[in-house]
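Visitor: I'll drop the sequence and a predicted model, then ask my questions.
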Amino acid sequence: MKTSPQSGNVTFVCDNTIESSRQDEGESPEAKALVELERLIEQEEPKFQSMAEDLEVVNLGESKEEKEIWVGKQMLLDLRQKLVELLKEYANVFAWSYRDMLGLDNSIVEHKLPLLPNVAPSEVSLKIKEEVEKQWNAGFLAVAEYP
């Protein structure tokens, strides 16, 4: 691939052996250029891989109190240890639960659920009830009176 500095145009250069074999097949120059372009695009495509396997779970809290973070395993061991030590030293800076987020404006975190009190709960409603109870027990929800 060549770029012309004056015009910024890109020119694709094909291997002569490939050109001669394709001319025998009767391909047009446009088709050959398209095949070459596709080959170049495939070479340039980023190869994505899951990073989940490259993470190590580290608990910054005590044994009874979980404060888990994930640290990349690809970091140098010395650097990773220093990072974990630093994060343990400043673990109290992070909000680990809703209770740690004091001073949040209620207009941001309050939601209104317009429910009918005499309606029989469906299976979905039971799942919602379980989730609401879980959030209630965690201190994430509070009762609010609406006019």
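Guide: That came through, no problem.

Visitor: list the contacts for Tyr98?
Guide: Ala138, Gly139, Phe140 (CB atoms under 8 Å, 6 or more residues apart in numbering). Where C-beta positions appear, they are placed from N, C-alpha and C, glycine not excepted.

Visitor: I figured the first one hits Ser97, correct?
Guide: Translated: Ala138. Yes: Ala138 is in contact with Ser97 according to CB atoms under 8 Å; the separation is 6.8 Å.

Visitor: picking up where we left off before, export the contacts of Tyr98 as a markdown table, with columns for pLDDT and distance to Pro29.
Guide: Listed next are the contacts of Tyr98 as a markdown table, based on pLDDT from 0 to 100; distance: CB to CB, whole Å:
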| residue | pLDDT | distance to Pro29 |
| --- | --- | --- |
| Ala138 | 82 | 67 |
| Gly139 | 78 | 70 |
| Phe140 | 76 | 65 |
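
Visitor: specify the local secondary structure of Trp70.
Guide: For Trp70, the assignment made with DSSP: H, G, I helix; E, B strand; the rest coil gives strand.

Visitor: typed the wrong thing, it's Leu141
Guide: coil.

Visitor: can you tell me the closest non-neighbouring residue to it?
Guide: Gln135 (5.0 Å; CB to CB, 6 or more residues apart in numbering).

Visitor: could I get the buried residue list for the helix or strand harbouring the one you found?
Guide: Using DSSP states H and E, the element containing Gln135 is helix 123-137. Buried residues in helix 123-137, counted by 16 or more other CB atoms under 10 Å: none are found.

Visitor: got the CA coordinates for that helix in CSV?
Guide: Below are the C-alpha coordinates for helix 123-137, written out as CSV (Å, rounded to 0.1, in the frame of the first residue of the first chain):
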residue,chain,number,x,y,z
GLU,A,123,-45.1,-14.3,39.0
VAL,A,124,-43.2,-11.3,37.8
SER,A,125,-44.5,-9.3,40.7
LEU,A,126,-43.1,-11.9,43.1
LYS,A,127,-39.7,-11.6,41.6
ILE,A,128,-39.9,-7.9,41.8
LYS,A,129,-41.0,-8.2,45.5
GLU,A,130,-37.9,-10.4,46.2
GLU,A,131,-35.6,-7.9,44.6
VAL,A,132,-37.2,-4.9,46.5
GLU,A,133,-36.9,-6.8,49.8
LYS,A,134,-33.2,-7.5,49.0
GLN,A,135,-32.6,-3.8,48.4
TRP,A,136,-34.6,-2.9,51.4
ASN,A,137,-32.6,-5.2,53.7
